[in-house]
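Undergrad: Provided below are the primary sequence and the corresponding predicted coordinates.
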Amino acid sequence: MGGPALIDGEIHTECDNFSKNNFIVDGVEYPTAEHFFQCQKTFIAEERSLILASDCPLKAWVNGNKVTLRQKWDRIKVNVMYQGNKARFEQNPDIANSLCKTTGSISMSGSTNFWNYWNGIIMERIRAEFRRSPDDLIVIEKTEKLMRLYENEQ
């Protein structure tokens, strides 16, 4: 699940995994990062099709919680969320520009503590990767390390 971000004292809905910003990964078009994430939970084509056909991100989330999880899902799920959001921002320059204009820490809401924490880190990494200033390179290194540590702990 997702929710908007609070950055520089303002709400940023473009950071919400439920925000409709179509993007394509491996030839498949996803309407939201949530659709992408939920589809990646399973390798069963019928289950993916059901999620992809969901008319809203909340329904995609509901359908995604009924699937047969692929092996080691807990280990890779943070990286999968990053990959989906990175593709979404790369293919939607308007939301990438909006995110890149911010400077403050990114505080997420609207989900579990786990995902509020990780979605904030993911958005900070994506913003840093787009801007690539010397300070951003430090953020990239820090967030990559955190994500690797999580993956190795699972």
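TA: Arrived safely, thanks for sending. Numbers count the residues shown, from 1 in each chain.
Undergrad: List of residues touching stretch 95-115?
TA: Applying C-beta atoms under 8 Å, 6 or more residues apart in numbering, the contact partners of stretch 95-115 are 1-9, 12, 14-16, 19, 21, 81, 88-90, 116-117, 119-120, 123-124, 126-127, 130-131. For every residue, glycine as well, the C-beta is placed using N, CA and C.
Undergrad: tell me the mean pLDDT over it?
TA: With pLDDT averaged residue by residue, stretch 95-115 scores 94.
Undergrad: what packs against the helix or strand containing Lys145?
TA: Assigned by DSSP states H and E, Lys145 belongs to helix 134-153. Packing partners of helix 134-153 (3 or more C-beta pairs under 8 Å, 6 or more residues apart in numbering; DSSP states H and E): helix 73-90, helix 113-131.
Undergrad: mind showing which ranges of this structure have poor pLDDT?
TA: Flagging of the chain using pLDDT under 70 yields the residue ranges 1.
Undergrad: mind checking how far the most far-flung residue of it relative to its centre is from Leu146?
TA: What lies farthest from the middle of the chain is Pro134; by C-alpha atoms, centre = their mean that is 24.1 Å. Distance, Pro134 to Leu146, using C-beta to C-beta, to the nearest Å: 20 Å.
Undergrad: again with Val67
TA: Val67 is 27 Å from Leu146, by C-beta to C-beta.
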